[in-house]
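Undergrad: The sequence and its predicted three-dimensional model are supplied below.
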Amino acid sequence: RCSYSPHGAYAQSKLALVLFTYRLQHLLIANGSHVTANVVDPGVVNTELYKHVFWVVKVVKWMTAWLFFKTPEEGASTTIYAAVSPEMEGAGGCYLYNEERTKSADIAYDEELQRRLWTESCKMVGISDESNRVP
């Protein structure tokens, strides 16, 4: 609110992704859909994400990437697991990391926050929010 932080914005966007996915899965179940929605955390992957950062950060990344970062192929493995694994058939609303179901941040389970994000997202893209309608 006071100043922009690239890392803060990135973290906020990842939280929004999780909140949105949990709400989407709730609505899919409520509507009797067999489609599922899950969150995949690929971990820290050696990509071009840091392409436009300060040169010192680039040097540190270059020096440590081989030790701490996953390759793009390794980063994609959990996404592939979520899409094709028989264990994930019919499973929705899961947070996946390293091809395992795990718990996301506590705030991601706040159903009111999930609803608020969903409603605001609908407003921003100009569609009606049918999820808040009582049958």
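TA: Nice, I can see it.
Undergrad: Next, count neighbours for residue 88.
TA: Residues lying near residue 88 (other C-beta atoms under 10 Å) number 17. In this view, the C-beta of every residue, glycine as well, is placed from N, C-alpha and C.
Undergrad: Now for it: which residues touch it?
TA: Residue 88 makes contacts with 36, 38, 81-82, 94, as judged by C-beta atoms under 8 Å, 6 or more residues apart in numbering.
Undergrad: mind pulling up the phi and psi values for the nearest residue to residue 76 once chain neighbours are set aside?
TA: Nearest non-adjacent residue to residue 76, counting by C-beta to C-beta, 6 or more residues apart in numbering: residue 42, 7.0 Å away. Here is the backbone geometry of residue 42 (degrees, to the nearest 10): phi -80, psi -10.
Undergrad: repeat for residue 97
TA: The phi/psi pair for residue 97 (degrees, to the nearest 10) is phi -140, psi 130.
Undergrad: what sits opposite it in the beta ladder?
TA: For residue 97, the beta-bridge partners are residue 41, residue 100 (DSSP bridges).
Undergrad: And for it, the neighbour number?
TA: 15.
Undergrad: ok, it touching residue 39?
TA: No - using C-beta atoms under 8 Å, residue 97 makes no contact with residue 39, being 9.1 Å away.
Undergrad: quick one: low-confidence parts of this structure?
TA: Scanning the chain for pLDDT under 70 picks out 1, 49-50, 53-55, 57-63, 65-67, 132-135.
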